[in-house]
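Colleague: A predicted structure for the sequence below; I have some questions about it.
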Protein chains: 2
Amino acid sequence: MDSPAFDAIFHPKSAALIGASRDPRKWGFKISLNVIAEKFRGDFYLVNPQETEFLSRRVYPSVRDIPGPVELAIIVIPAPLVPMALKECGEKGIKAAVVITSGFSELSPEGEKLEREITGIAHERGIALVGPNTMGIYSADVKLHALMVPVAPFPGKISFVSQSGNLGVQLLTESRANEVGFQKFVSNGNEAMLHSEDYIEYFGRDPETRTIMVYLEGFKNPPRFLEIARRVSREKPVVLLKGGKTDSGARAALSHSGAMKSTRSISSAIFRQAGIIEVEDTTELLDVAKGFERLPVPRGPNVGIITGGGGWGVITTDGCELHGLRVPPLASGLTEDLRKIMPDFWPGGNPIDLVATGGSRVVHACIEKLTAEPYIDAVIALGVANRARAFADTPEAISQTLPPEMLKDKTQVMEEGDRKLAELVQEVIERHRKPIIAVSVAHPGLPVKEISPIVTYPTPERAVRVLARMYQYHQLQQKKI
Amino acid sequence: MDSPAFDAIFHPKSAALIGASRDPRKWGFKISLNVIAEKFRGDFYLVNPQETEFLSRRVYPSVRDIPGPVELAIIVIPAPLVPMALKECGEKGIKAAVVITSGFSELSPEGEKLEREITGIAHERGIALVGPNTMGIYSADVKLHALMVPVAPFPGKISFVSQSGNLGVQLLTESRANEVGFQKFVSNGNEAMLHSEDYIEYFGRDPETRTIMVYLEGFKNPPRFLEIARRVSREKPVVLLKGGKTDSGARAALSHSGAMKSTRSISSAIFRQAGIIEVEDTTELLDVAKGFERLPVPRGPNVGIITGGGGWGVITTDGCELHGLRVPPLASGLTEDLRKIMPDFWPGGNPIDLVATGGSRVVHACIEKLTAEPYIDAVIALGVANRARAFADTPEAISQTLPPEMLKDKTQVMEEGDRKLAELVQEVIERHRKPIIAVSVAHPGLPVKEISPIVTYPTPERAVRVLARMYQYHQLQQKKI
């Protein structure tokens, strides 16, 4: 499938919703609302022969009645009506169609026949077909939220193809709490025409996509998947979660996406050959994609750790070693350097325990000097970032007891400190092309409004898993040369 | 150590802070603030010969000048002054002391000597000694927040002993986002007198504690630890995370808590023999403790899954099988029953896919009937709980576009639905003594203000890990009989 077809899906200048509805319980309403509310950048038309107007918009009886050109159709009408609608799309010159409607091959032999019919029409009329039986698509660039549920991920550089619409949109929802940014998303449904590997290939050449995220239950064409993934993963990391890895899981997948059973070892071998980073769970899927999205890949296994306290340092060190990374001792030169700024009772060593001295001068020096060491490939900094956020989450009883001017001053000091640290970290990452990851615990008292400028995870173990997967990618890349 | 001594630590009627300070940068200020702001239920006295008054409270030159009786001393003065202060505590009849001060055996041979001295004084005067070098204690019952950092966990039934103060308070902070409730917490510091197993023993007989949570870097007395843990774990689940499992981690632990290196396999064998549930990471530590705190233990490995969508069901099934649980097929009687309320295209099977019919009648029927099946030991329900919360997190653009009366009606309907579901779930759990766990994704748009009435985790994989560990506890209990 060529780029113009994919551009019609993900960068359309105009789109029509066939099956728009004023009934708030219907998908035809929900999708209209999402697209309109999130301010799709192109022209957006509602189509339904039984309506004339809703959400302050004119409704057209058919796509043929729309005055301007239309590039993308989003279809939510009942399955038996889809063939006719697709033919009308062809007449209108529409280049791509997202068929949300279900009741095709996932349901019955009749549905399978209908799916073959619409695929035939799409091929004939040169329409790129997404689905059927998809939960829709999202594209940050043109602000297209053509999804069945109201989800507004942060814009970012990850593009995501999911063989489960439901899992896909749940992860997009969760992605905000995890400060992960998305560029494009597609729930690929029954894959009548476009398969997972087609989207992977397109994301591979999409300049806006830096990392590709995949949820996969089965392959339609394993050799082609392997060939494409291998090619793409040389350029960009492909992070994948396999559903249906176990016998029972595969049985569940069969009734869900009709995915053929492939044993865990076979699919994992294919992923490894393809240079894909296979992760173990949904949390890791989001975490690792975020790491690749925003950080340089570590060129070795050696991690330097800076910690606000002993226990977290121990846990982080354990995690590194358990995941194939190393926590090397510090060179004596660095230790001597640090002794000059550390209190007398600093015990030395890696992890570097800040022994409750966490002043910005010491923290900045540790980050700069540690990252510069030639035997250090990555740095994890525990408890030093996003301090204003932690402070804002001070228990209510305490904020009420403190003198107000003390609170205000401290907030400003902390915000300023966070800003300076973020600048330093970004600069040091650029200078050395090494990843620096922060850990700061989840604060439940206040909503996540934006992505922190420093890449941050809520637990040390999650930060470690990300680094381990990124190093795995580095190793895979080395083998290919 | 007898109960009265522990009661003086965790249920004191009166407490004094020795080293109280008006300087906001000092621990003597921070701890005063925490205790006062969080409204400790007993009498609270500030002690410092150089102060007379701050935070609107009188400051006494010495504990001996305090008019009423004092049960607990919290000590933050420099290490060399601690022996004298402890002697004065003895004269005052104080029964327990939490020594926050550091600079003892963790620092130097001189510190070690000083630690032996204060331990001797404490023994002599009959004072239960917590620490030294601790970050403090918390007790929900008497609302005592004698901690170096401002943390206010939800009150609950978990009691937690941590060999790392920093890791301990980070987990207490994070516990709010994870809706975990704590009864008691102690950072046990250098364990000069009281060891981890002493707290475990006390928590074991504490009627307010339902589950015991432990972070451990090393044993001072492995046989005694084993003996006590084995006894306690028969009555209550003991959930433990070991720090320093790897060579590098053990090296880090040595410089942190002075914990002796014990290889991973040796410590794990001890834990297994003791009936302890050893977990892999901090997330699991909180998650599993929460499961034991609030749910009955499953009596078998068979899980029934209810899911709002196929992909999550697949992932959950994989998770169960990978962690030693099973997802059995449904009996034909149940399938026939469910067909009566499900749409024609319901594919059947376990996971029970709600195929977007999520009305409360169907959800309630699924939960009731599935839990009642004799071959089902536990239920995981994906995407059905806390819907008002998800709805409240609707993207701003969408809430602004919707007619306001539609938003209001829907919020009320969802809140009412959540309430009814919670009632049903609690009733069904009681009736069958089987755990029911909900999964609903983290919503970043709004703060966590309370613990949901249904036990909920943000990802299916985390829910599965909890069930697997709870089933492991059941198996350990069976073996003991």
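Modeller: Sure, I can see it.
Colleague: where does the stretch 201-350 of chain A have low pLDDT?
Modeller: The stretch 201-350 of chain A contains residues with pLDDT under 70 at A:256-264.
Colleague: Can you tell me which residues in it are near chain B?
Modeller: Residues of the stretch 201-350 of chain A lying close to chain B by C-beta under 8 Å from any C-beta of the partner chain are A:215, A:217, A:241, A:243-249, A:251-253, A:255-257, A:281-283, A:307-315, A:317-322, A:326-327, A:345, A:347-349. Where you see a C-beta, it was placed from the backbone N, CA and C, and this is true even at glycine.
Colleague: Which of those fall within helices?
Modeller: A:247-249, A:251-253, A:255-257, A:282-283, A:310-315, A:317-322 (DSSP state H).
Colleague: do the longest helix along chain A and chain B meet?
Modeller: In chain A, taking DSSP H as the definition, the longest helix is helix A:404-432. Yes. Contact between helix A:404-432 and chain B, assessed by C-beta under 8 Å from any C-beta, occurs at residue A:406.
Colleague: after that helix comes which helix or strand?
Modeller: With elements assigned by DSSP states H and E, the helix or strand that comes after helix A:404-432 is strand A:436-439.
Colleague: so what strands line up beside that following strand?
Modeller: strand A:378-382 (parallel), strand A:456-457 (parallel) (DSSP bridges).
Colleague: How far does the shortest one sit from its chain's centre?
Modeller: Translated: strand A:456-457. How far strand A:456-457 lies from its chain's middle: 14 Å, per C-alpha atoms, centre = their mean, to the nearest Å.
Colleague: Return the set of buried residues in the next helix or strand after it.
Modeller: Remark: after strand A:456-457, the chain's next helix or strand is helix A:460-480, criterion DSSP H and E. Buried residues in helix A:460-480, defined by neighbour count with 16 or more other C-beta atoms under 10 Å in any protein chain shown: A:460-474, A:476.
Colleague: which other helices and strands contact the helix or strand harbouring residue A:225?
Modeller: Residue A:225 belongs to helix A:222-235 when assigned by DSSP H and E. The helices and strands touching helix A:222-235, judged by 3 or more C-beta pairs under 8 Å, 6 or more residues apart in numbering or on different chains; DSSP states H and E, are helix A:196-205, helix A:264-273, helix A:460-480.
Colleague: Nearest to residue B:442 among the buried residues of helix A:460-480?
Modeller: residue A:462 (13.4 Å; C-beta to C-beta).
Colleague: Any figure for the gap between that closest one and residue B:35?
Modeller: As judged by C-beta to C-beta, to the nearest Å, residue A:462 and residue B:35 stand 33 Å apart.
Colleague: Let's have the strands paired with strand A:436-439 in CSV, adding distance to residue B:456, mean pLDDT and mean neighbour count.
Modeller: Formatted as CSV, the strands paired with strand A:436-439 follow (distance: least, C-beta to C-beta, whole Å; pLDDT from 0 to 100; neighbours: other C-beta atoms under 10 Å in any protein chain shown):
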stretch, distance to residue B:456, mean pLDDT, mean neighbour count
strand A:378-382, 28, 97, 28
strand A:456-457, 21, 96, 22
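Colleague: Return the residues of the stretch 1-150 of chain A in contact with chain B.
Modeller: Residues of the stretch 1-150 of chain A lying near chain B (C-beta under 8 Å from any C-beta): A:24, A:33, A:34, A:36, A:37, A:38, A:39, A:55, A:103, A:107, A:150.
Colleague: In a markdown table, list the residues you listed along with neighbour count.
Modeller: Putting the residues of the stretch 1-150 of chain A next to chain B into a markdown table (neighbours: other C-beta atoms under 10 Å in any protein chain shown) gives the following:
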| residue | neighbour count |
| --- | --- |
| A:24 | 13 |
| A:33 | 18 |
| A:34 | 25 |
| A:36 | 19 |
| A:37 | 21 |
| A:38 | 21 |
| A:39 | 12 |
| A:55 | 17 |
| A:103 | 18 |
| A:107 | 18 |
| A:150 | 23 |
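Colleague: Quick one, which of the residues you listed has the minimum pLDDT?
Modeller: Among these, residue A:55 carries the weakest pLDDT, at 83.
Colleague: which ones are touching that residue?
Modeller: Residues in contact with residue A:55, defined by C-beta atoms under 8 Å, 6 or more residues apart in numbering or on different chains, are A:22, A:32, A:33, A:36, A:46, B:401.
Colleague: Going by distance to residue A:417, which of the residues you listed wins?
Modeller: Proximity to residue A:417 was ranked across those by C-beta to C-beta; first place goes to residue B:401, at 38.8 Å.
Colleague: Looks like that closest one contacts residue A:37 (just checking).
Modeller: Yes. The criterion here is C-beta atoms under 8 Å, and residue B:401 meets it with residue A:37 at 3.8 Å.
Colleague: can you pull the pLDDT of residue A:140?
Modeller: We note a pLDDT of 97 for residue A:140 in this prediction.
Colleague: For it, the count of nearby residues, please.
Modeller: Using other C-beta atoms under 10 Å in any protein chain shown, residue A:140 is surrounded by 22 other residues.
Colleague: Next, work out how far apart it and chain B are.
Modeller: Residue A:140 sits 14 Å away from chain B, going by C-beta to the nearest C-beta, to the nearest Å.
Colleague: circling back to that earlier point, show me the contacts of residue A:55 that map onto helices.
Modeller: Filtering the contacts of residue A:55 for helices - DSSP H - leaves A:32, A:33, A:36, B:401.
Colleague: burial count for the first one?
Modeller: Right, residue A:32. Look at residue A:32: counted by other C-beta under 10 Å, it has 27 neighbours.
Colleague: give me every residue that touches it.
Modeller: Shown in contact with residue A:32 (C-beta under 8 Å, 6+ apart): A:17, A:20, A:21, A:46, A:54, A:55, A:57.
Colleague: need the contact list for residue A:38.
Modeller: Contact partners of residue A:38, counting by C-beta under 8 Å, 6+ apart, are A:143, A:144, A:145, A:152, B:395, B:397, B:398.
Colleague: just residue A:189 next, same as before
Modeller: A:99, A:130, A:131, A:132, A:133, A:134, A:135, A:165.
Colleague: Mind listing the residues bridging to the closest residue to the fourth one other than its chain neighbours?
Modeller: Think residue A:132. Distance criterion C-beta to C-beta, 6 or more residues apart in numbering or on different chains; nearest residue to residue A:132, sequence neighbours excluded, is residue A:99 at 3.8 Å. Under DSSP bridges, the beta-bridge partners of residue A:99 are residue A:75.
Colleague: so residue A:99 makes contact with residue A:131?
Modeller: Yes. Applying C-beta under 8 Å as the test, residue A:99 and residue A:131 come out as touching, 4.0 Å apart.
Colleague: List the backbone torsions phi and psi for residue A:71.
Modeller: The phi/psi pair for residue A:71 (degrees, to the nearest 10) reads phi -100, psi -40.
Colleague: Tell me, how many residues neighbour it?
Modeller: Using other C-beta under 10 Å, the number of residues around residue A:71 comes to 21.
Colleague: And for the one 4 residues further on?
Modeller: Neighbourhood size, residue A:75 [other C-beta under 10 Å]: 28.
Colleague: Please name the residues that touch it.
Modeller: Residue A:75 neighbours (C-beta under 8 Å, 6+ apart): A:18, A:19, A:82, A:85, A:86, A:97, A:98, A:99, A:100, A:101.
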